[in-house]
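>>> Have a look at this fold, sequence not included:
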């Protein structure tokens with residue numbers, strides 16, 4: 001708690017993580033709404049009218065919505081991970097700095113204790 005109050009521990013990664021899950025939930029909600037609203041009509045993919053003998057593939061329009069529902073959260077996660085990465089790097093460097101400080105103090109304490117007393 002003291003680290004939080006002294007701004008040594010950041011709260012922004014928690015907000016960013018929370019916002020990510022809220023955005024994914026909203027995105028999936030709207031994908032569900034679009035999936036329910038889209039008619040199950042096939043969309044022809046391929047040559048349209050140029051070559052009547054060519055093979056055309058018909059894909060359901062709702063397939064694109066399903067693909068977006070799977071790929072969308074992954075595309076959103078990449079920038080969120082980059083944002084959180086910088087905060088994690090800061091926490092790791094701060095932790096390493098703190099450990100080095102304690103090691104130096106410990107070495108100095110042992111070094112002073114090992115010196116023989118000077119009599120004069």
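Arrived safely, thanks for sending. Just so it is clear, the model here is predicted, and its values are computed rather than measured.
>>> Residue 105 versus the residue positioned nearest the centre of the chain, what's the distance?
For the chain, the residue nearest the mean C-alpha position is residue 81 (2.5 Å; Cα atoms, centre = their mean). Distance, residue 81 to residue 105, using Cβ to Cβ, to the nearest Å: 36 Å. For the C-beta atoms, the positions are set from N, CA and C on the backbone; glycine is no exception.
>>> what's the helix or strand for the residue nearest to residue 68 when sequence neighbours are not counted?
Leaving aside its chain neighbours, residue 68 sits nearest to residue 31 (6.2 Å; criterion: Cβ to Cβ, 6 or more residues apart in numbering). For residue 31, the enclosing helix or strand under DSSP states H and E is helix 12-37.
>>> Run the chain-centre distance for that helix.
14 Å (Cα atoms, centre = their mean, to the nearest Å).
>>> Could I get the buried residue list for it?
13, 16, 20, 24, 31, 35 (16 or more other Cβ atoms under 10 Å).
>>> Show me the strands in this protein, by range?
Here the chain has its strands, by DSSP state E, at 42-45, 57-60.
>>> before we move on, the earlier item: tell me the contacts of the residue nearest to residue 68?
For residue 31, the contacting residues are 65-66, 68-69, 72, by Cβ atoms under 8 Å, 6 or more residues apart in numbering.
>>> now it: how far from residue 11?
From residue 31 to residue 11 the distance is 30 Å (Cβ to Cβ).
>>> For residue 28, which non-adjacent residue is spatially closest?
residue 69 (6.0 Å).
>>> tell me the contacts of the one you found?
So residue 69 contacts 27-28, 31-32, 35 (Cβ under 8 Å, 6+ apart).
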